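In: Just a sequence and a predicted model for now, questions to come.
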Amino acid sequence: MSLLIKNGSLLNQAGELEVCDLYLEEGIIKKIASNIQATGSEKVIEAAGLLVSPGFVDLHVHLREPGGEQKETIATGTLAAAKGGFTTIASMPNTKPVPDTKEQLEWLHKRIKETAKVRVLPYATITKGQRGTELVDFPALAEANAFAFSDDGVGVQAAGVMYEAMKEAANINKAIVAHCEDNSLIYSGAVHEGKIDKELNIPGIPSIAESVQIARDILLAEAANCHYHVCHISTKESVRVVRDAKRAGIKVTAEVSPHHLLLCEDDIPGDDANFKMNPPLRSKEDKAALLAGLMDGTIDFIATDHAPHTEEDKQKGMRSAPFGIVGLETAFPLLYTNLVEKEILTLKELVDFMTIKPANAFQLPFGKLAEGEHADIVLVDLKHEATIDPAKFASKGKNTPFTNWNCKGWPVQTIVNGEIVWEKESVQQ
Ligand SMILES: NC(=O)N[C@@H](CC(=O)O)C(=O)O
Ligand SMILES: [Zn+2]
(Lines give C-alpha, C1' and ligand atoms only; values in the text may rest on other atoms or scores of the structure.)
(Ligands and ions follow the chains in the order given, each with its own letter.)
Protein backbone atom coordinates (compact mmCIF):
# COMPACT_ATOMS: atom_id res chain seq x y z
CA MET A 1 0.00 0.00 0.00
CA SER A 2 1.14 3.55 -0.73
CA LEU A 3 1.76 5.90 2.19
CA LEU A 4 1.27 9.65 2.40
CA ILE A 5 3.14 11.30 5.27
CA LYS A 6 1.53 14.69 5.93
CA ASN A 7 2.97 17.82 7.56
CA GLY A 8 6.18 16.33 8.95
CA SER A 9 9.34 18.37 9.52
CA LEU A 10 12.24 17.56 7.19
CA LEU A 11 15.80 18.83 7.56
CA ASN A 12 16.94 20.85 4.57
CA GLN A 13 20.58 21.22 3.43
CA ALA A 14 21.01 24.23 5.73
CA GLY A 15 19.86 22.13 8.68
CA GLU A 16 16.55 23.98 9.09
CA LEU A 17 13.28 22.14 9.56
CA GLU A 18 10.77 22.53 6.74
CA VAL A 19 7.21 21.25 6.78
CA CYS A 20 6.62 18.90 3.83
CA ASP A 21 4.60 15.89 2.67
CA LEU A 22 6.08 12.67 1.31
CA TYR A 23 4.44 10.14 -0.98
CA LEU A 24 5.81 6.60 -0.77
CA GLU A 25 4.97 4.04 -3.43
CA GLU A 26 6.41 0.60 -4.20
CA GLY A 27 9.18 1.03 -1.68
CA ILE A 28 10.38 4.31 -3.18
CA ILE A 29 9.95 7.97 -2.21
CA LYS A 30 7.84 9.09 -5.16
CA LYS A 31 7.35 12.72 -4.23
CA ILE A 32 8.39 15.29 -1.64
CA ALA A 33 6.37 18.53 -1.78
CA SER A 34 4.09 20.72 0.23
CA ASN A 35 0.40 19.85 0.20
CA ILE A 36 0.38 16.54 -1.69
CA GLN A 37 -3.29 15.61 -2.15
CA ALA A 38 -4.48 12.18 -1.03
CA THR A 39 -6.08 10.08 -3.76
CA GLY A 40 -8.01 7.91 -1.33
CA SER A 41 -6.13 4.71 -2.11
CA GLU A 42 -3.22 5.29 0.27
CA LYS A 43 -2.74 5.23 4.03
CA VAL A 44 -2.27 8.76 5.40
CA ILE A 45 0.10 9.33 8.30
CA GLU A 46 -0.31 12.63 10.14
CA ALA A 47 3.21 13.73 11.13
CA ALA A 48 2.65 17.32 12.30
CA GLY A 49 5.23 18.19 14.96
CA LEU A 50 7.38 15.13 14.16
CA LEU A 51 10.83 14.99 12.62
CA VAL A 52 10.81 12.97 9.39
CA SER A 53 14.31 11.55 9.05
CA PRO A 54 15.93 8.99 6.80
CA GLY A 55 15.89 5.69 8.71
CA PHE A 56 19.02 5.28 10.80
CA VAL A 57 21.84 3.05 9.58
CA ASP A 58 23.85 1.03 12.13
CA LEU A 59 26.84 -0.84 10.75
CA HIS A 60 27.81 -2.55 14.02
CA VAL A 61 25.15 -4.80 15.55
CA HIS A 62 25.35 -8.21 17.24
CA LEU A 63 22.22 -10.25 16.54
CA ARG A 64 23.57 -13.47 18.15
CA GLU A 65 21.73 -15.85 15.82
CA PRO A 66 22.77 -18.60 15.24
CA GLY A 67 24.04 -19.99 18.52
CA GLY A 68 23.24 -17.21 20.99
CA GLU A 69 19.43 -17.13 20.79
CA GLN A 70 19.14 -16.81 24.57
CA LYS A 71 20.78 -13.35 24.19
CA GLU A 72 19.06 -12.16 20.98
CA THR A 73 17.59 -13.44 17.74
CA ILE A 74 17.36 -11.85 14.32
CA ALA A 75 13.65 -11.27 15.08
CA THR A 76 14.15 -9.60 18.48
CA GLY A 77 17.26 -7.66 17.47
CA THR A 78 15.66 -6.24 14.35
CA LEU A 79 12.51 -5.33 16.28
CA ALA A 80 14.79 -3.43 18.69
CA ALA A 81 16.39 -1.79 15.66
CA ALA A 82 13.01 -0.74 14.23
CA LYS A 83 12.01 0.63 17.65
CA GLY A 84 15.21 2.64 17.74
CA GLY A 85 14.51 4.09 14.28
CA PHE A 86 17.08 1.96 12.42
CA THR A 87 16.07 0.71 8.97
CA THR A 88 19.39 -0.81 7.87
CA ILE A 89 21.80 -2.64 10.15
CA ALA A 90 24.91 -4.72 9.53
CA SER A 91 25.20 -7.87 11.63
CA MET A 92 28.53 -8.88 13.11
CA PRO A 93 29.72 -12.43 12.50
CA ASN A 94 30.74 -13.57 16.01
CA THR A 95 27.92 -16.12 16.09
CA LYS A 96 28.10 -19.88 16.56
CA PRO A 97 28.95 -20.99 13.96
CA VAL A 98 30.43 -17.93 12.31
CA PRO A 99 29.54 -17.06 8.69
CA ASP A 100 32.86 -18.12 7.17
CA THR A 101 31.51 -20.18 4.28
CA LYS A 102 29.12 -19.51 1.43
CA GLU A 103 26.68 -22.05 2.92
CA GLN A 104 26.63 -20.37 6.33
CA LEU A 105 26.09 -16.98 4.77
CA GLU A 106 23.30 -18.30 2.56
CA TRP A 107 21.61 -19.80 5.62
CA LEU A 108 21.88 -16.41 7.35
CA HIS A 109 20.39 -14.55 4.40
CA LYS A 110 17.47 -16.99 4.37
CA ARG A 111 16.90 -16.58 8.10
CA ILE A 112 17.05 -12.77 7.71
CA LYS A 113 14.50 -12.93 4.92
CA GLU A 114 12.18 -15.03 7.07
CA THR A 115 12.45 -13.16 10.36
CA ALA A 116 14.04 -9.70 10.11
CA LYS A 117 11.95 -6.55 10.60
CA VAL A 118 14.54 -4.22 9.02
CA ARG A 119 17.19 -4.59 6.34
CA VAL A 120 20.13 -6.66 7.59
CA LEU A 121 23.49 -6.74 5.83
CA PRO A 122 25.54 -9.60 7.25
CA TYR A 123 29.30 -9.46 7.62
CA ALA A 124 31.39 -12.51 6.84
CA THR A 125 34.47 -13.25 8.91
CA ILE A 126 38.02 -12.47 7.80
CA THR A 127 39.42 -15.76 9.05
CA LYS A 128 37.96 -19.25 9.34
CA GLY A 129 36.28 -19.69 12.72
CA GLN A 130 37.57 -16.19 13.62
CA ARG A 131 40.73 -17.98 14.68
CA GLY A 132 43.00 -15.44 13.02
CA THR A 133 45.04 -17.92 11.03
CA GLU A 134 43.42 -19.10 7.79
CA LEU A 135 41.60 -16.69 5.46
CA VAL A 136 38.03 -17.27 4.31
CA ASP A 137 37.23 -17.55 0.59
CA PHE A 138 36.75 -13.82 -0.10
CA PRO A 139 35.33 -14.03 -3.67
CA ALA A 140 32.88 -16.82 -2.73
CA LEU A 141 31.61 -14.91 0.29
CA ALA A 142 31.33 -11.68 -1.70
CA GLU A 143 29.30 -13.55 -4.27
CA ALA A 144 27.05 -14.78 -1.46
CA ASN A 145 26.46 -11.13 -0.56
CA ALA A 146 28.74 -10.56 2.41
CA PHE A 147 28.42 -6.90 3.33
CA ALA A 148 32.09 -6.66 4.31
CA PHE A 149 34.66 -8.72 6.22
CA SER A 150 35.24 -8.55 9.97
CA ASP A 151 36.52 -10.71 12.83
CA ASP A 152 34.75 -8.40 15.29
CA GLY A 153 35.06 -9.55 18.86
CA VAL A 154 38.77 -10.29 18.36
CA GLY A 155 41.63 -8.51 16.66
CA VAL A 156 43.51 -10.21 13.82
CA GLN A 157 46.79 -10.76 15.62
CA ALA A 158 49.24 -11.52 12.82
CA ALA A 159 50.17 -8.64 10.52
CA GLY A 160 50.78 -11.10 7.69
CA VAL A 161 47.27 -12.54 7.94
CA MET A 162 45.75 -9.05 8.00
CA TYR A 163 47.82 -7.95 5.01
CA GLU A 164 46.74 -10.97 2.93
CA ALA A 165 43.11 -10.34 3.96
CA MET A 166 43.36 -6.71 2.87
CA LYS A 167 44.76 -7.66 -0.53
CA GLU A 168 41.89 -10.15 -0.99
CA ALA A 169 39.31 -7.55 0.07
CA ALA A 170 40.82 -4.86 -2.19
CA ASN A 171 40.61 -7.23 -5.16
CA ILE A 172 36.87 -7.59 -4.81
CA ASN A 173 36.28 -3.98 -3.70
CA LYS A 174 35.13 -4.86 -0.19
CA ALA A 175 36.11 -3.37 3.16
CA ILE A 176 38.01 -4.87 6.07
CA VAL A 177 36.16 -3.85 9.24
CA ALA A 178 38.42 -4.24 12.22
CA HIS A 179 38.05 -4.82 15.92
CA CYS A 180 41.49 -3.57 16.94
CA GLU A 181 43.02 -5.28 19.90
CA ASP A 182 46.57 -6.58 20.26
CA ASN A 183 46.30 -9.50 22.66
CA SER A 184 49.98 -9.34 23.57
CA LEU A 185 49.31 -5.96 25.23
CA ILE A 186 46.38 -7.14 27.38
CA TYR A 187 46.52 -9.17 30.53
CA SER A 188 42.89 -10.32 30.97
CA GLY A 189 41.72 -6.77 31.56
CA ALA A 190 38.09 -5.80 32.06
CA VAL A 191 38.16 -1.99 32.34
CA HIS A 192 40.36 0.85 31.06
CA GLU A 193 43.92 0.89 32.32
CA GLY A 194 44.02 4.33 33.89
CA LYS A 195 42.24 5.27 37.09
CA ILE A 196 39.32 2.88 37.28
CA ASP A 197 41.39 -0.34 37.20
CA LYS A 198 43.19 0.80 40.34
CA GLU A 199 40.02 2.03 42.05
CA LEU A 200 38.20 -1.25 41.48
CA ASN A 201 41.32 -3.40 41.65
CA ILE A 202 40.44 -5.03 38.35
CA PRO A 203 43.03 -5.63 35.58
CA GLY A 204 43.09 -2.85 32.97
CA ILE A 205 43.06 -2.78 29.16
CA PRO A 206 45.66 -0.25 28.00
CA SER A 207 44.93 2.24 25.23
CA ILE A 208 47.91 0.94 23.23
CA ALA A 209 46.20 -2.44 22.82
CA GLU A 210 43.88 -0.63 20.40
CA SER A 211 45.98 2.19 18.96
CA VAL A 212 49.03 0.08 18.11
CA GLN A 213 46.95 -2.31 16.04
CA ILE A 214 45.20 0.55 14.24
CA ALA A 215 48.58 2.09 13.38
CA ARG A 216 49.79 -1.25 12.03
CA ASP A 217 46.63 -1.82 10.02
CA ILE A 218 46.66 1.65 8.50
CA LEU A 219 50.11 1.02 7.05
CA LEU A 220 48.97 -2.39 5.79
CA ALA A 221 45.85 -0.85 4.23
CA GLU A 222 48.01 1.71 2.47
CA ALA A 223 50.21 -1.03 1.04
CA ALA A 224 47.21 -3.18 0.05
CA ASN A 225 45.17 -0.20 -1.20
CA CYS A 226 42.22 -1.49 0.78
CA HIS A 227 39.27 0.26 2.44
CA TYR A 228 40.03 -0.24 6.12
CA HIS A 229 37.34 0.58 8.71
CA VAL A 230 38.03 0.92 12.43
CA CYS A 231 35.27 -0.38 14.72
CA HIS A 232 34.31 1.34 17.98
CA ILE A 233 37.32 3.68 18.19
CA SER A 234 37.96 4.58 21.84
CA THR A 235 41.29 6.29 22.50
CA LYS A 236 42.80 9.68 21.74
CA GLU A 237 45.88 8.06 20.22
CA SER A 238 43.68 6.04 17.86
CA VAL A 239 41.92 9.24 16.77
CA ARG A 240 45.30 10.84 16.09
CA VAL A 241 46.59 8.02 13.92
CA VAL A 242 43.35 7.89 11.93
CA ARG A 243 43.49 11.68 11.44
CA ASP A 244 47.07 11.46 10.19
CA ALA A 245 46.19 8.56 7.90
CA LYS A 246 43.32 10.48 6.33
CA ARG A 247 45.61 13.43 5.73
CA ALA A 248 48.00 11.05 3.98
CA GLY A 249 45.18 9.94 1.68
CA ILE A 250 44.89 6.39 3.05
CA LYS A 251 41.43 4.83 2.65
CA VAL A 252 40.53 4.60 6.33
CA THR A 253 37.14 5.21 7.97
CA ALA A 254 36.13 4.95 11.62
CA GLU A 255 33.05 4.65 13.80
CA VAL A 256 32.39 5.64 17.40
CA SER A 257 29.75 4.23 19.76
CA PRO A 258 27.24 6.38 21.66
CA HIS A 259 28.56 5.12 25.01
CA HIS A 260 32.13 6.22 24.24
CA LEU A 261 30.82 9.68 23.36
CA LEU A 262 28.67 9.99 26.48
CA LEU A 263 30.50 8.08 29.23
CA CYS A 264 34.04 7.68 30.54
CA GLU A 265 35.72 5.66 33.30
CA ASP A 266 34.64 8.25 35.89
CA ASP A 267 31.00 7.27 35.29
CA ILE A 268 31.50 3.64 36.31
CA PRO A 269 29.62 3.33 39.61
CA GLY A 270 31.51 0.28 40.90
CA ASP A 271 31.48 -3.41 40.09
CA ASP A 272 28.57 -3.21 37.64
CA ALA A 273 28.99 -5.24 34.44
CA ASN A 274 26.45 -3.07 32.61
CA PHE A 275 29.43 -0.73 32.31
CA LYS A 276 31.65 -3.45 30.86
CA MET A 277 32.22 -3.38 27.13
CA ASN A 278 35.08 -3.80 24.70
CA PRO A 279 36.74 -1.42 24.14
CA PRO A 280 36.16 -0.16 27.69
CA LEU A 281 35.00 3.28 28.78
CA ARG A 282 38.25 5.27 28.63
CA SER A 283 39.40 8.52 30.24
CA LYS A 284 37.70 11.90 30.14
CA GLU A 285 40.41 13.07 27.69
CA ASP A 286 39.74 10.13 25.38
CA LYS A 287 36.01 10.92 25.40
CA ALA A 288 36.76 14.56 24.48
CA ALA A 289 39.10 13.43 21.67
CA LEU A 290 36.37 11.17 20.24
CA LEU A 291 33.92 14.04 20.09
CA ALA A 292 36.55 16.31 18.53
CA GLY A 293 37.38 13.55 16.02
CA LEU A 294 33.73 13.18 15.10
CA MET A 295 33.34 16.91 14.62
CA ASP A 296 36.46 17.34 12.45
CA GLY A 297 35.64 14.37 10.19
CA THR A 298 38.33 12.01 11.49
CA ILE A 299 35.58 9.72 12.74
CA ASP A 300 33.04 9.15 9.98
CA PHE A 301 29.90 8.01 11.75
CA ILE A 302 28.19 6.58 14.82
CA ALA A 303 27.49 2.84 15.28
CA THR A 304 25.91 1.34 18.40
CA ASP A 305 27.87 -1.92 18.86
CA HIS A 306 24.58 -3.34 20.17
CA ALA A 307 25.85 -6.35 22.14
CA PRO A 308 23.07 -8.08 24.07
CA HIS A 309 23.83 -10.48 26.93
CA THR A 310 21.56 -12.21 29.45
CA GLU A 311 21.04 -10.84 32.95
CA GLU A 312 22.65 -13.99 34.29
CA ASP A 313 25.76 -13.25 32.18
CA LYS A 314 25.98 -9.72 33.47
CA GLN A 315 25.41 -10.63 37.12
CA LYS A 316 28.84 -12.24 37.12
CA GLY A 317 30.37 -8.83 37.79
CA MET A 318 33.06 -6.77 36.06
CA ARG A 319 35.78 -9.42 36.16
CA SER A 320 33.86 -12.36 34.71
CA ALA A 321 30.86 -11.05 32.80
CA PRO A 322 31.10 -10.90 28.99
CA PHE A 323 31.87 -7.56 27.34
CA GLY A 324 29.08 -5.59 25.67
CA ILE A 325 26.00 -3.42 26.13
CA VAL A 326 22.82 -2.95 24.11
CA GLY A 327 22.35 0.24 22.13
CA LEU A 328 19.74 0.12 19.37
CA GLU A 329 16.76 1.38 21.36
CA THR A 330 18.52 4.23 23.13
CA ALA A 331 21.08 5.60 20.65
CA PHE A 332 19.09 8.42 19.09
CA PRO A 333 17.31 9.70 22.24
CA LEU A 334 20.59 9.61 24.21
CA LEU A 335 22.58 11.45 21.55
CA TYR A 336 19.80 13.91 20.79
CA THR A 337 19.33 14.79 24.45
CA ASN A 338 22.98 14.92 25.44
CA LEU A 339 24.60 16.34 22.31
CA VAL A 340 21.96 18.20 20.28
CA GLU A 341 19.91 19.69 23.12
CA LYS A 342 23.19 20.75 24.76
CA GLU A 343 24.23 22.36 21.46
CA ILE A 344 27.36 20.26 21.01
CA LEU A 345 26.09 18.91 17.67
CA THR A 346 23.30 20.27 15.47
CA LEU A 347 20.32 18.06 14.73
CA LYS A 348 21.48 17.77 11.12
CA GLU A 349 24.96 16.70 12.18
CA LEU A 350 23.57 13.98 14.44
CA VAL A 351 21.13 12.73 11.80
CA ASP A 352 23.90 12.69 9.19
CA PHE A 353 26.20 10.70 11.51
CA MET A 354 23.46 8.08 11.79
CA THR A 355 22.26 8.02 8.17
CA ILE A 356 24.09 9.38 5.14
CA LYS A 357 27.59 9.21 6.64
CA PRO A 358 27.62 5.46 7.37
CA ALA A 359 25.86 4.85 4.04
CA ASN A 360 28.43 6.89 2.10
CA ALA A 361 31.40 5.33 3.88
CA PHE A 362 30.31 1.97 2.43
CA GLN A 363 28.65 3.20 -0.80
CA LEU A 364 25.22 2.05 0.38
CA PRO A 365 22.17 3.51 -1.40
CA PHE A 366 20.42 4.44 1.88
CA GLY A 367 20.26 7.26 4.40
CA LYS A 368 18.79 9.98 2.20
CA LEU A 369 15.34 11.55 1.86
CA ALA A 370 14.92 12.43 -1.82
CA GLU A 371 12.63 11.48 -4.66
CA GLY A 372 13.63 8.13 -6.15
CA GLU A 373 15.39 6.93 -2.97
CA HIS A 374 14.43 3.90 -0.84
CA ALA A 375 11.43 4.70 1.36
CA ASP A 376 13.32 4.05 4.64
CA ILE A 377 12.03 6.57 7.13
CA VAL A 378 11.73 7.21 10.85
CA LEU A 379 9.31 9.66 12.45
CA VAL A 380 10.71 11.05 15.69
CA ASP A 381 9.02 12.98 18.46
CA LEU A 382 11.75 15.41 19.52
CA LYS A 383 9.70 16.79 22.40
CA HIS A 384 8.42 13.64 24.05
CA GLU A 385 10.36 12.92 27.22
CA ALA A 386 10.75 9.46 28.76
CA THR A 387 13.07 7.58 31.08
CA ILE A 388 15.14 4.65 29.81
CA ASP A 389 13.65 1.47 31.23
CA PRO A 390 15.33 -1.76 30.09
CA ALA A 391 12.24 -3.75 31.08
CA LYS A 392 10.52 -2.11 28.11
CA PHE A 393 13.20 -3.03 25.54
CA ALA A 394 12.20 -5.19 22.59
CA SER A 395 15.75 -6.56 22.68
CA LYS A 396 16.31 -9.62 24.84
CA GLY A 397 19.34 -7.75 26.19
CA LYS A 398 18.61 -5.44 29.12
CA ASN A 399 22.31 -4.68 29.65
CA THR A 400 22.57 -0.91 29.48
CA PRO A 401 24.48 1.59 31.62
CA PHE A 402 21.82 4.21 30.80
CA THR A 403 18.95 2.96 32.99
CA ASN A 404 16.86 5.88 34.32
CA TRP A 405 18.42 8.46 31.99
CA ASN A 406 15.74 10.90 30.96
CA CYS A 407 15.69 11.53 27.21
CA LYS A 408 13.80 13.31 24.47
CA GLY A 409 13.77 12.35 20.79
CA TRP A 410 11.93 9.03 20.74
CA PRO A 411 11.04 7.32 17.44
CA VAL A 412 7.30 6.84 16.98
CA GLN A 413 7.12 5.11 13.61
CA THR A 414 9.62 3.27 11.41
CA ILE A 415 9.16 2.54 7.72
CA VAL A 416 11.37 0.19 5.66
CA ASN A 417 10.92 -0.03 1.89
CA GLY A 418 7.64 1.87 2.17
CA GLU A 419 6.18 -0.49 4.80
CA ILE A 420 5.49 0.38 8.43
CA VAL A 421 7.60 -2.08 10.43
CA TRP A 422 7.08 -0.58 13.88
CA GLU A 423 4.92 2.08 15.47
CA LYS A 424 4.36 3.29 18.98
CA GLU A 425 0.86 2.19 20.06
CA SER A 426 -0.38 5.73 20.69
CA VAL A 427 0.27 6.95 17.12
CA GLN A 428 -1.93 4.32 15.49
CA GLN A 429 -4.87 5.95 13.79
N1 LIG B 1 31.70 -4.86 22.11
C2 LIG B 1 31.58 -5.75 23.04
O3 LIG B 1 31.84 -5.45 24.20
N4 LIG B 1 31.19 -7.01 22.77
C5 LIG B 1 30.88 -7.56 21.50
C6 LIG B 1 32.07 -7.86 20.67
C7 LIG B 1 32.75 -6.67 20.09
O8 LIG B 1 32.13 -5.84 19.37
O9 LIG B 1 33.93 -6.53 20.31
C10 LIG B 1 30.03 -8.80 21.70
O11 LIG B 1 29.84 -9.57 20.77
O12 LIG B 1 29.48 -8.97 22.82
ZN1 LIG C 1 34.37 -5.27 18.57
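Out: Cool, got the structure. Ligands and ions are numbered 1, 2, ... in the order given.
In: can you tell me how far the residue of the stretch 201-350 of the chain found nearest ligand 2 sits from D152?
Out: Nearest to ligand 2 in the stretch 201-350 of the chain, going by Cβ to the ion, is C231, at a distance of 5.0 Å. No exception for glycine: its C-beta is placed from N, CA and C like everyone else's. C231 is 6 Å from D152, where distance means Cβ to Cβ, to the nearest Å.
In: so what's in contact with the two at the same time?
Out: Listed as contacting both C231 and D152 by Cβ atoms under 8 Å, 6 or more residues apart in numbering are H60, V177, A178, H179.
In: I'd like to know how far V340 sits from G409.
Out: For V340 relative to G409 (Cβ to Cβ), the value is 8 Å.
In: And the two? Which one has more around it.
Out: Under the criterion of other Cβ atoms under 10 Å, the comparison of V340 against G409 puts G409 first, with 23 against 20.
In: for the host helix or strand of that one, what is the average pLDDT?
Out: Take DSSP states H and E as the rule and G409 turns out to sit in strand 406-416. The average pLDDT for strand 406-416 rounds to 98.
In: Over to stretch 219-235?
Out: Mean pLDDT, stretch 219-235: 98.
In: Buried ones in it, by neighbour count?
Out: 220-222, 224, 226-235 (16 or more other Cβ atoms under 10 Å).
In: Next up, phi/psi of D286, please.
Out: Dihedral pair for D286: phi -60, psi -50, per degrees, to the nearest 10.
In: So what's the residue count around it?
Out: D286 has 24 neighbours, counted by other Cβ under 10 Å.
In: how far away is it from G189?
Out: For D286, the distance to G189 - Cβ to Cβ - is 15 Å.
In: residue contacts, E373?
Out: Listed by Cβ under 8 Å, 6+ apart, the contact partners of E373 are I28, I29, P365, F366.
In: so the last one touches V57, yeah?
Out: Yes - F366 sits in contact with V57 when judged by Cβ atoms under 8 Å, with a separation of 5.8 Å.
In: Now the common contact residues for those two.
Out: Common contact partners of F366 and V57 (Cβ under 8 Å, 6+ apart): T87, T88, T355, A359.
In: Residue of the chain nearest ligand 2, please.
Out: H179 (3.5 Å).
In: out of everything not next to it in sequence, what's closest to that residue?
Out: Nearest residue to H179, sequence neighbours excluded (Cβ to Cβ, 6 or more residues apart in numbering): D152, at 4.4 Å.
In: distance of that neighbour from A124?
Out: Distance of D152 to A124, given as Cβ to Cβ: 11 Å.
In: Now the common contact residues for these two.
Out: P93.
In: In stretch 22-38, which residues are buried?
Out: Those would be L22, Y23, L24, I29, K30, I32, I36, for stretch 22-38 by 16+ other Cβ under 10 Å.
In: if we can go back for a sec, of the contacts of E373, closest to ligand 1?
Out: F366 (22.2 Å; Cβ to the nearest ligand atom).
In: And that closest one, its phi and psi?
Out: Torsion angles, degrees, to the nearest 10, at F366: phi -130, psi 180.
In: Can you give me every residue that contacts it?
Out: P54, G55, V57, T87, T88, R119, T355, A359, E373, H374, D376.
In: which residues does the first one bridge with?
Out: The one in question is P54. Listed by DSSP bridges, the beta-bridge partners for P54 are I377.
In: Could you count how many residues lie near it?
Out: For P54, the count of nearby residues is 28 (other Cβ under 10 Å).
In: Flag the shaky bits of the stretch 301-429 of the chain, pLDDT-wise.
Out: Low-confidence segments of the stretch 301-429 of the chain (pLDDT under 70): 426-429.
In: Break down it into its strands, ranges please.
Out: 301-302, 377-387, 406-416, 419-423 (DSSP state E, counting those that start in this stretch).
In: Return the most buried member of those.
Out: strand 301-302 (a mean of 28; mean count of other Cβ atoms under 10 Å).
In: Given it, what are its sheet partners and their directions?
Out: Paired neighbours of strand 301-302 in the sheet (DSSP bridges): strand 252-256 (parallel).
In: hey, where'd the helices end up in the stretch 51-200 of the chain?
Out: Remark: helices assigned in the stretch 51-200 of the chain by DSSP state H, counting those that start in this stretch are 74-83, 102-115, 138-143, 159-171, 196-200.
In: Point out the most buried one among those helices.
Out: Between the helices of the stretch 51-200 of the chain, helix 74-83 has the highest mean count of neighbours, a mean of 26, where neighbours are mean count of other Cβ under 10 Å.
In: can you list the residues that contact that one?
Out: 58, 61-65, 72, 87, 89, 91, 111-112, 115-118, 120, 306, 308, 326, 328-329, 393-396, 411, 414, 416, 421-422.
In: go again using 7 Å as the cut-off
Out: Applying Cβ atoms under 7 Å, 6 or more residues apart in numbering, the contact partners of helix 74-83 are 58, 61, 63, 65, 89, 111-112, 115-118, 120, 328-329, 393-396, 411, 414, 421-422.
In: With stretch 170-185 instead?
Out: Outside stretch 170-185, the residues that touch it by Cβ under 7 Å, 6+ apart are 123, 126, 138-139, 142, 148-155, 157, 165-166, 169, 206, 208-210, 212-214, 217, 224-231, 362.
In: anything in that stretch near ligand 1?
Out: Yes - contact between stretch 170-185 and ligand 1 is present through H179 (criterion: Cβ under 6 Å from any ligand atom).
In: model confidence over that stretch, on average?
Out: On average, stretch 170-185 scores 98.
In: thinking again about what came up before, between D152 and A124, tell me which one has more neighbours.
Out: Taking other Cβ under 10 Å, D152 and A124 do not tie; A124 has more neighbours (28 against 22).
In: Please tell me how far the spatially closest residue to that one that is not a sequence neighbour sits from ligand 1.
Out: Spatial nearest neighbour of A124, chain neighbours left out: A146 (3.6 Å); criterion: Cβ to Cβ, 6+ apart. A146 sits at a distance of 18 Å from ligand 1 (criterion: Cβ to the nearest ligand atom, to the nearest Å).
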